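**Q** Sequence plus the predicted model coming up.
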Amino acid sequence: MKTRDCLCMLTVVLLAAAPAWGQAEEELKERVKQLEEKIEQFSGQMEQSELEKLVLEAETEAKAPEEEIRPEEREFLWGALALQKLNPEISISGDIVAGLVIEGTKFYGGDGDRGGMPLREVSITVQHVLDPYSTFKGAINFTPWPNEAASVEEFYITWFGIVPSLSFTVGRFRHNFGVINRWHEHDLDQVNYPLAMNLVLGEDGLGQTGASIKWFMPPLWAHANELTLEIADGENDTLFAGEFFTVPTAMLHLKSYYDLSESTYLELGLTGMFGFNNRRGYLPDGATELEDEDWRKTIAAGANLTIYWSPPQQAKYRSLTWRSEFYYVNKEMPVGGPDEVQHSWGFYSYVDYQLATRWFCGVRYDLALPTIRDNDDLAWDVVPYITFWQSEFVYLRLEYSHGEKIPYIQPDGTLARQADNRILFQIDFAAGPHKHEKY
């Protein structure tokens, strides 16, 4: 068969089959369309069902009661190691003061006040957190020389957190009369307490037994304010009746704190104190019955100022502290004496500058009209010093002191005045968690 005839036959066959193919194509398109509609309908039903399920679960969760959260269960096999938390923190500090004392032409300053290298004080400090609401602190001092005596400097319990912004203290404590009076002697910036404080408030300041309430006030006129009320026995024999007290003393101290800049702060304080100095129930020399003296009041007041500077970029290497305090006492005297009312006052000021990481130097000046005196001469001294902090537990200090008209008690019990010059070298250390702290 010729090629032309074959092509003609194929064309005839295709033309005959064309209508059938067109019909099949249309049927396929219709079936695809139906399938797409079913898939879309099924997808919508699934989405609706999933949404209803989520809503139902949310409603069920909201209506269900809250499940109690139980602490994690732990198995304790042996609790002996935890018993150490019941032990109080115990620290021991030692204070060695070597010195050369020159009083006029003598190398001593009076009875029990001599040069050499005495161990001035050994202090045992105990502190412990009793529970979430109270802490305990105690300080017992031992003086090996010259009297070999022991004394309880502080021993008190403090409650906090029971009433917002209030803390309560009961026991024996050092009064918040100014700033320095609160510190222990081994925490001072100089070897001894300021002469002004000793001559006006009494030797080593004011420490008595009683109760204290401290209120951390809102920042009304300063960045922080604190008001302290202390009621205590009149055990101090310079201002009050000493061992013959009957009526407690009352003291109020207000402290205000100001941030002057990022490197400087200012602290101001005002103090007022009231009590009685007459003796009740004492036995005069040669008497056989106890006697009571007429009531005599004592009013004491004080003001303190502290400015502290330390640049944040050099806080480890540079700082400067300027601290000053003023004391005033109005004390009624026994009838028949030279004065019905005796006034005394004292003032000190010192600057303490940090030279380097461990080195500090400073100078202090005191001026006072003593509370116990034989005349109205003013006593004064000047005290330059330098301190090396070997660590936070150990420091060494070299100090020179020159004083004029310093009162002292002679062997026969009378008062006298003297010039005083001394060179002191102090070695102070603390072993235990209670470091040298100012509070």
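**A** Arrived safely, thanks for sending. Residues are numbered from 1 along each chain as shown.
**Q** quick one: the helices in the stretch 201-350 of the chain?
**A** Using DSSP state H, counting those that start in this stretch, the stretch 201-350 of the chain contains no helices.
**Q** ugh, wrong one, the stretch 1-150 of the chain
**A** 3-63.
**Q** residues contacting residue 89?
**A** 126-128, 432-434 (Cβ atoms under 8 Å, 6 or more residues apart in numbering). (Each C-beta comes from the backbone N, C-alpha and C, glycine too.)
**Q** typo on my end, residue 200
**A** 327-329, 344-346, 368-371.
**Q** separation between the nearest residue to residue 300 once chain neighbours are set aside and residue 255?
**A** Using Cβ to Cβ, 6 or more residues apart in numbering and skipping the chain neighbours, the partner closest in space to residue 300 is residue 273 (4.2 Å). Residue 273 sits at a distance of 15 Å from residue 255 (criterion: Cβ to Cβ, to the nearest Å).
**Q** ditto for residue 138
**A** From residue 138 to residue 255 the distance is 24 Å (Cβ to Cβ).
**Q** Can you pick out the residue with more neighbours from the two?
**A** For residue 138 versus residue 255, neighbours defined as other Cβ atoms under 10 Å are more numerous around residue 255 (22 against 19).
**Q** Quickly list what that one is bridged to.
**A** residue 226, residue 269 (DSSP bridges).
**Q** my guess is it meets residue 269, correct?
**A** Yes. Between residue 255 and residue 269 there is a contact at 4.7 Å, judged by Cβ atoms under 8 Å.
**Q** Looking at the contacts of residue 89, which gets the smallest pLDDT?
**A** Lowest in pLDDT among the contacts of residue 89 is residue 434, which has 75.
**Q** Looks like that one contacts residue 125 (just checking).
**A** Yes. When contacts are counted by Cβ under 8 Å, residue 434 is listed as touching residue 125 (4.3 Å).
**Q** Tell me which stretches of the stretch 251-400 of the chain form strands.
**A** For the stretch 251-400 of the chain, the strands defined by DSSP state E, counting those that start in this stretch occupy 264-276, 280-282, 291-292, 297-309, 320-332, 341-354, 359-369, 379-389, 394-409.
**Q** which residue packs closest to residue 379, ignoring adjacent ones?
**A** Residue 379 sits nearest to residue 405 (Cβ to Cβ, 6+ apart), 4.8 Å away.
**Q** isn't the one you found right up against residue 375?
**A** No. Using Cβ under 8 Å, residue 405 is not in contact with residue 375; the gap is 9.0 Å.
**Q** Which one's more surrounded, those two?
**A** residue 405 (17 against 9).
**Q** Report the separation between that one and residue 386.
**A** Counting by Cβ to Cβ - residue 405 and residue 386 are separated by 27 Å.
**Q** With residue 368 instead?
**A** 25 Å.
**Q** likewise residue 267?
**A** To residue 386, residue 267 is 25 Å away according to Cβ to Cβ.
**Q** what about these two, which has more around it?
**A** residue 267 (17 against 14).
**Q** So which of the contacts of residue 89 is surrounded by the most neighbours?
**A** Counting by other Cβ under 10 Å, top hit in the contacts of residue 89: residue 434 with 20 neighbours.
**Q** part of a strand, is that residue?
**A** No. Counting by DSSP: H, G, I helix; E, B strand; the rest coil, residue 434 is located in no strand; its state is coil.
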